[in-house]
Every structure is written in C-alpha cells, then in structure tokens.
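Asks: coordinates for the following, if possible.
(2 chains)
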Amino acid sequence: MTQPARPLAGAIGALAAVATAWICAVRGPVSAQPAAAPPAQPATDEAARGQRVYQKYCRECHGQQGHGDGPGASWVSPRPRDFTAGRYKIRSTETGSVPTDDDLLRSVRQGLYGSAMPAWDRLLPDGDIADVVAYVKTLSPRFSTDAPVPVVVGEPVPSSPESVSRGEQVYVRLQCGKCHGTDGRGTGAVTTDFEDDWKQPLRAADLTQPWTFHGGATARDVYLRFRTGMSGTPMPSFRDTASDAEMWDLANYVVSLGRKPVWSMTAEEISSQYAAEAAEAKANPVGRGRYLVDTHLCALCHSPIDAQGRMLPGLRLAGGQMVKVVPYGSFPAGNLTSDRDTGIGAWSDDELKRAITQGIRRDGSRMLPFPMDWPGFAALTPDDLNAMIAYLRSVPPVYNKIPTRSRPLLPLYLWGKFKMLILQQDPPIIFYPGNAGDRGGRS
Amino acid sequence: MKRFLKWALLVVVVLALIGFGAFLYFIPPFFVQPPETFSKPQNDAAPATAAIADPAERALAERGRYLVMTGGCIGCHHTPGPQGPIFATYLSGGLQFRTHEGVYVSRNLMGDPETGLPRRTDADVKRVLRSGVFPDSHVVSYRVMPWGSYSSFTDEDIHAIVVYLRHMPAVKHRIPEPAPPVPFTDPLAYEEAYAGKDYGASAVVK
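Replies: Purely as a prediction, here's the structure:
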C-alpha cells in the first residue's frame, strides 16, 4: 500500500484496501476486566509455576479461574473442562473418584482426541506439564480431601471373533444402542444429543470413528471408559451391571466397530464413503446444516461477544454483534434464529439463498463482499445450501431486534473513501463487544 | 472574453469536484456490479485438483478444495494488492489483525518451502485449525484464527483440507511474525462514535 496513489487502480481494488486492517477488537486488555482477577497465589512452588503456564496456554479455553469459560469455550464441542468441579471424564479411577496424576498428565500430554484439546507433549517441556497439572489440582478442593481410588483392571480378554460376538450381546443387554445406536453410529438411538452436568451440549460418541474417542481407542482405553464411567456425562460406569470379562468383550466389540478413516482409504473407498455421507446429509439435512453452520463461521459474527471475547449466553446466532466497516458504516450482524419478528422466521428460502450466496438483503440492498464471505458461499452446493437453511430454521427462536445499519454522514464517508482510495490508508473492520440488539425486555 | 473564461474555469472546477466526489462515493462499485463479479474470480482462484496423480489423494483434495473455498480461508489469507485481493497467489497471506494480544499478519499458506505451509507438519496445521495452538506453542485468539468454529470440522474433513493445502503452488511471500499489541486507539477510524462503546454494558461481565 505504499505505491503512489493511482486513483482508479487503487479504487477498484478496494476489497483489499478495506480488509487490510481487520481489527478484531476485543476492547481493552483481558487483564483489565473486573472479573479477571487471577485466583490466589497457590501454596506450592510447583503450582505457582503451573499457574503461570496455565495463564499462558490454558486460559483461552479453560478460563482465567478454571471454570471452563474462557473466550474459546463456547465455540468448541465438547466444552473445556471446568476444573473447579474436580469431575473428569477420562480416568482410571472408580466412579466419583478424582483422577490420578497420571490420568491428568496423560490428558495434557496426548490431548483429547476428537476435541479442541491438543497434545502438549511436543509443545511444552515435561516440567511445565507437571506444574500445570499440580496447579489444576489446586482449583478444586476435591483433590485435597479425596484420594484417587484406581480401579483394579481385570485380566484382559484378547480380541477374537468369539469375544467380539460375546461383546455384541453385552452391547445389546446393556442397551448401549439407546444412545450410540444399534450400529454404533446413532442409528435407532433414542437420541444422540445430550447435555453434561453443566448443561452444555454433548453428543454420544460415534463408535465407528475410534480416532475421535477422547481417551484413546485401544481395547484397554475403551474398557476403562465402561469400567469408570465418564463423570459429568450421561455415560455411566458398568461396574455393577457387567462382569470384568464382559466389559473386555464389549471393548473388543466396540473396537471392532471402527471403520477405516479416509486417510487410509483407497480412491474407491473414499468415493463410496463420500457418497454415503451425501446420502446421509440428504436424509438428515438439519444435521448436515448444523455441521456447515458450525464450521463455516456463521456463529463467529452472528453471535455477540462480551468484552473478554466470550459468546453472550443464550445468544448463539441471535445477531447483534456490532461490526464497524470503515468507512462504510456500522453493521449489526443479523439474527439468524427462527424468530418470526426479529430473525429469519419470515424469510423465504429464496431470500435466504440470495443473502447467503449473493449478498443481497431481504430489502434488495447489497452487502459488501466482506466481512460476510458470501462470495465464498456462492460455491456451496445446492444440497448444502438447503441443509444450512433447514438447520437455521430449526434453531429455536430468540427475540433480538437488530437495529438498522448506520452510515456515516456524507462528508465523513467521502473523507474516509478519500483516505482509503487516494491516500491508500488501510481502513479497519472493528468488532465491538456487547449485544446491539433489543431483547424486548427478555433475558 | 476574460470573464467568460473565468466562469468556464469555475464551472470546470466545480464539475471536476463533483465528479471526484461521485467517484469517491461510487467506487469501488460494490453495490453496482453483479454479485458474480466478486464471487467468480474468488472461487476460480482456488487451484484445481485435476492434476493430482494419486486418485485417493485427488478425491481428498477435491473435498478439501470445496471446504477451503466455502470455509472463508481467503477472507484473511489473501494478499492485499492495489487491485484488490491478489487472487493469482490465492492464500499467500498478508492481512493485518490488531488485537489486544498482539498484531498478527495472516500466514502464507502456499507451497513455498521457505515462507509457506511446507514449513509446518500436517499435525501442526491440524492443531492450528482445531485448537489455535501454533508450533511455538503460543495460543492465538479464536477472533483472529477462527479455530473455535473450525474445531467442529471432523478429523476427516480437516485431513482433506490439509491434503488440498499440500498441493498449493509455491508462492514466496514472507510474513512478519506476530508483534506486540499497539494501543487500541485507532487514528484511522475517523468516526469515533462507537469507540469504547459497549453494547452490552449490563450483560458483559459475570
């Protein structure tokens, strides 16, 4: 942007110019926020060092004080652990017991597969990992009052066709299919959508995709999940309802359900896998649409955030995120929930498609080609577009009346354009915290 | 005659000013040109996968291409130029993001071994997409790299994205490393009506 002003060339190229300084503003430093006072200095040196590591690497998801409410928390599924509760899914200890240090170390080192928790073993030195585990343990009083009670792991039953077929009977007897489906991937399940103890959404694991098992996918890992249960989730311990041998059989059966991942498939297998996924998407457009809406950044702008960057509770996709695009004006993101008065409830499918793929609003006015990436959405397949719309129509209505967009006064607008086009200064796009919408007295 | 010239000159100057104002007002013609003017070049810029020899890899890359095109990568990872995003170099990076945590510049995702994605392992790229944790272990805000949303991608789709990105042509474009934050008082935002305003003052802090 340093070359001499060539008005036309620079002007027509404004897409770039405009986006060059995209300021993702979360106002003020996080540490200046009143709620952000770190917890008291831990008692031991180890935990004190761990606290510093934690504030650097863990806070973004697990929150300043370990409540599992960091800025990134409301965007990921499953949600980050609330360390203050002292309840952990991945353990080698009895139901209701706290995990062992090794359990915690392992979760930090290898990460939790299929979640946003990465493997830290090659990112942080072992000492830091041990320190941070020591610190995390200070966040819940349970670790000082309870001692972990490791389960006694019974004699493993090696996998064999017999063991797998016995395991299948156990699967039926224990009614695993009620949540995981008769085929391990939700078919015939009562529901696969659950809530954990913190009222956060949680989906039953797809047992055909072992690479997503958070605690690992060896028979021993799977056995431990049956044996210990997954605290804080609807997954119980089967200690009292199945024998040790039965749980090993069941583990062998679950391991046998795993299919090949696409990275191990041949071209033919990939195309039949993709064809099966497409058929499934057609049969369940709402599920496919949710996947697309989650992954294609819709909620990133269409949900308002607080000053620390956390999504405001209950307002996912409800709009009201104020985005200022200099020099064009202030654009509050629209309410994408199915509310008839303030959301998309009254929009027709065609109106939605025009908005998503062509940037044409319901009133016929045009959007800028940014920050909403409708030029990219123009490449969505018709099926995916329909699925997206089907999902948005299924999002429970949230009344949030979005104010009209505001433009700067003409002289200010022209001055801004002059700076952008002639002086070639990079105009910013600014995100403001808070909900600009009117909730009509609802909370 | 002299008087006439004077008036004529004045008229010309006024017309030129009005013309210049109109130019500023209407250019770039975002609201005049058909939407395809913007979407077509952007989507055509995604390198094709037809030349990938291995059929399995081609199938994965094709899926990855679709996700990269529709998933908004180019929104941040394009290189800004005087004519708009330089589509020819697709995801070569260079947009600046200022946050309270630092000044970030979008990375070069093209195939140049020195400045692009080949510097990173597959595991590194997947970790950034899913968790926002970079190889030097620093965590980037999901407001900059939207890993909060991309973390909903299945492992298989993330793999497909990485396979596609591995087939980007080489573009040399060195990106500066993240820098410390600059104070968030923005001299370019001439219209300060909203500066510091919090739309949810009552709803913000728990």
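
Asks: rest of the way, CA atoms for contacts and neighbours
Replies: Fine.

Asks: now A:Pro369: how far from chain B?
Replies: From A:Pro369 over to chain B the distance is 7 Å, taken as CA to the nearest CA, to the nearest Å.

Asks: for that residue, give me its contacts.
Replies: Going by CA atoms under 8 Å, 6 or more residues apart in numbering or on different chains, A:Pro369 touches A:Leu15, A:Gly359, A:Pro375, B:Phe30, B:Phe38.

Asks: that one sits in which helix or strand?
Replies: Assigned by DSSP states H and E, A:Pro369 belongs to no helix or strand.

Asks: pLDDT score for it?
Replies: We have a pLDDT of 91 for A:Pro369.

Asks: over to A:Pro201?
Replies: We have a pLDDT of 87 for A:Pro201.

Asks: list the contacts for the closest residue to it other than its chain neighbours?
Replies: Distances taken as CA to CA, 6 or more residues apart in numbering or on different chains put A:Glu195 closest to A:Pro201, at 4.6 Å, once the chain neighbours are dropped. A:Glu195 sits next to A:Pro201, A:Leu202, A:Arg203, A:Thr233, A:Pro234 when contact means CA under 8 Å, 6+ apart.

Asks: drop anything exposed from those residues.
Replies: Those of the contacts of A:Glu195 that meet the buried threshold are A:Leu202, A:Arg203, A:Thr233, by 16 or more other CA atoms under 10 Å in any protein chain shown.

Asks: how much space separates the first one from chain B?
Replies: Yep, that's A:Leu202 we're talking about. Distance from A:Leu202 to chain B, by CA to the nearest CA: 13 Å.

Asks: tell me the pLDDT of the residue of chain B most remote from its centre.
Replies: The centre of chain B is farthest from one residue, B:Met1, which by CA atoms, centre = their mean lies 56.7 Å away. Looking at B:Met1, its pLDDT is 72.

Asks: and the residue nearest the centre of the chain?
Replies: Answering for chain A, as no chain was given. Geometric centre of chain A, nearest residue: A:Val76, 1.7 Å, by CA atoms, centre = their mean.

Asks: can you look at chain B instead?
Replies: By CA atoms, centre = their mean, chain B has its centre lying nearest to B:Cys76, at 2.0 Å.

Asks: got phi/psi on it?
Replies: phi -110, psi -30 (degrees, to the nearest 10).

Asks: contacts only, for it.
Replies: Listed by CA under 8 Å, 6+ apart, the contact set of B:Cys76 reads B:Gly93, B:Leu95, B:Ser106.

Asks: I figured the last one hits B:Leu91, correct?
Replies: If I follow you right, that is B:Ser106. No: between B:Ser106 and B:Leu91 there is no contact under CA atoms under 8 Å: 9.2 Å.

Asks: overlap in contacts of those two?
Replies: Both B:Ser106 and B:Leu91 are in contact with B:His77, where contact means CA under 8 Å, 6+ apart.

Asks: more crowded one of those two?
Replies: B:Leu91 (29 against 24; other CA atoms under 10 Å in any protein chain shown).

Asks: would you map the helices across chain B?
Replies: Shown for chain B, the helices assigned by DSSP state H span residues B:2-26, B:36-44, B:55-70, B:73-77, B:122-131, B:147-150, B:155-165.

Asks: quick one, which of those helices is packed in tightest?
Replies: Of these, the one with the most neighbours on average (mean count of other CA atoms under 10 Å in any protein chain shown) is helix B:147-150, at a mean of 27.

Asks: where does A:Thr273 sit, in terms of helix or strand?
Replies: That one is not Thr; residue A:273 is Gln. Counting by DSSP H and E, A:Gln273 is part of helix A:267-283.

Asks: where along the stretch 301-443 of chain A do the strands fall?
Replies: Under the criterion DSSP state E, counting those that start in this stretch, the stretch 301-443 of chain A contains strands at A:322-325, A:329-332, A:428-432.

Asks: looking at those, which is closest to A:Arg166?
Replies: Of all these, strand A:428-432 sits nearest to A:Arg166, with 56.8 Å by CA to CA.

Asks: any part of that closest one near chain B?
Replies: Yes: remark: strand A:428-432 sits within contact range of chain B at A:Pro428, A:Tyr432, by CA under 8 Å from any CA of the partner chain.

Asks: distance from the chain centre to that strand, please.
Replies: Relative to its chain's centre, strand A:428-432 lies at 23 Å (CA atoms, centre = their mean, to the nearest Å).

Asks: strand partners (parallel or antiparallel) of that strand?
Replies: If you go by DSSP bridges, strand A:428-432 pairs up with strand A:21-23 (parallel), strand A:322-325 (antiparallel).

Asks: could I have it exported to CSV, CA atoms only?
Replies: What follows is strand A:428-432, C-alpha atoms only, in CSV (Å, rounded to 0.1, in the frame of the first residue of the first chain):
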residue,chain,number,x,y,z
PRO,A,428,-10.2,-1.2,9.7
ILE,A,429,-13.1,-3.5,10.4
ILE,A,430,-13.9,-3.4,14.1
PHE,A,431,-15.8,-5.8,16.3
TYR,A,432,-17.5,-4.4,19.4
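
Asks: pull the number of nearby residues for the closest residue to A:Ala205 other than its chain neighbours.
Replies: Nearest non-adjacent residue to A:Ala205, counting by CA to CA, 6+ apart: A:His180, 6.7 Å away. Applying other CA under 10 Å, we find 24 residues neighbouring A:His180.

Asks: how's chain A carved up into domains?
Replies: As assigned by automatic domain parsing, chain A contains the domains A:1-32+A:304-334+A:401-443, A:44-145, A:161-259, A:266-295+A:346-396.

Asks: same question for chain B.
Replies: According to automatic domain parsing, chain B comprises the domains B:1-32, B:43-165.

Asks: distance from the last one to the middle of the chain?
Replies: Between the centre of domain B:43-165 and the centre of its chain there are 10 Å (CA atoms, centre = their mean).

Asks: tell me the contacts of A:Ile389?
Replies: A:Gly289, A:Asp349, A:Leu352.

Asks: name the nearest of the residues you listed relative to chain B.
Replies: Comparing the contacts of A:Ile389 against chain B with CA to the nearest CA places A:Gly289 closest, at 12.4 Å.

Asks: skipping adjacent residues, who's closest to the closest one in space?
Replies: What sits nearest to A:Gly289 in space, not counting adjacent residues and going by CA to CA, 6+ apart, is A:Met388, at 3.9 Å.

Asks: where in the chain is pLDDT low?
Replies: Defaulting to chain A. Within chain A, the segments meeting pLDDT under 70 span A:1-40.

Asks: wait, chain B was what I had in mind.
Replies: Along chain B, segments meeting pLDDT under 70 span B:83, B:183-206.
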